[in-house]
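1. let me see the structure of the following:
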Amino acid sequence: MSELPHLASIFDRLRRGYHLGPDDEQFSALCERYDDYARYFDALGLKLVRHPREFFYFEPDNPETVPDTLPRIAAFSYIIVDHAANQGRPIEEFIFDQSFLITALPHLSMDRYAALLRDVEVFDMGHINTLLNQMERIGWIRRIGEDEFRFLRPFHRVLSKCLEITQSAQTAQATANPPVET
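-> Presented below is the predicted three-dimensional model:
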């Protein structure tokens, strides 16, 4: 196997939990030689995943182990999805086609959203910023200055789960409250 370009930086970033997407300089190398990288990492006991939405990550060592940050990221993400749905906006377009001002996020301004965040120990803007830093570290968002960010393609990994939860909740509500015939 000829030398794999960016091997050290790809390994380092993926091993730390980062998701490599089109915004990353190593992305094109992974796309062009995915099979070579997958074989290399497989020999090390690591499974390189190529998501259908075109980004890369390592499969977790133990999928049963949930990192401390995951419930916080899930709650934060669910709120964004719910907020978009309540506005009647197409969710993917809402999330990926704009940037967000941190101070304008609905997370702490609505009681029910703030209650969801308190359940996962996110109490204020400082905690939101810490959460955004964690999401940036794994490649799900990119900061634009201090008070703005945008979601990156690898965010689809959590977005799909949020959409499933939202659809399940809507189905359960419709089943529990069927339309009344008059």
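
2. can you pull the domain assignment for this structure?
-> 7-58, 69-174 (automatic domain parsing).

3. average pLDDT across the longest one?
-> Averaged across domain 69-174, the pLDDT comes to 89.

4. and that domain, how far from the chain's centre?
-> In terms of CA atoms, centre = their mean, to the nearest Å, the centre of domain 69-174 is found 9 Å from the chain centre.

5. and if you look at the first one?
-> Relative to its chain's centre, domain 7-58 lies at 17 Å (CA atoms, centre = their mean).

6. check contacts around the residue nearest the centre of the chain.
-> With distances taken as CA atoms, centre = their mean, F155 lies nearest the centre of the chain, 3.0 Å away. Counting by CB atoms under 8 Å, 6 or more residues apart in numbering, F155 touches S77, I95, F96, M135, W140, I141. Yep, even glycine has a C-beta here, placed from its N, CA and C like the rest.

7. can you tell me which of the residues you listed is nearest L30?
-> Closest approach to L30 among these (CB to CB): W140, at 17.3 Å.

8. was I right to think that closest one contacts V158?
-> Yes: using CB atoms under 8 Å, W140 is in contact with V158, at 7.1 Å.

9. shared neighbours of these two, anything?
-> Common contacts of W140 and V158 (CB under 8 Å, 6+ apart): I73.
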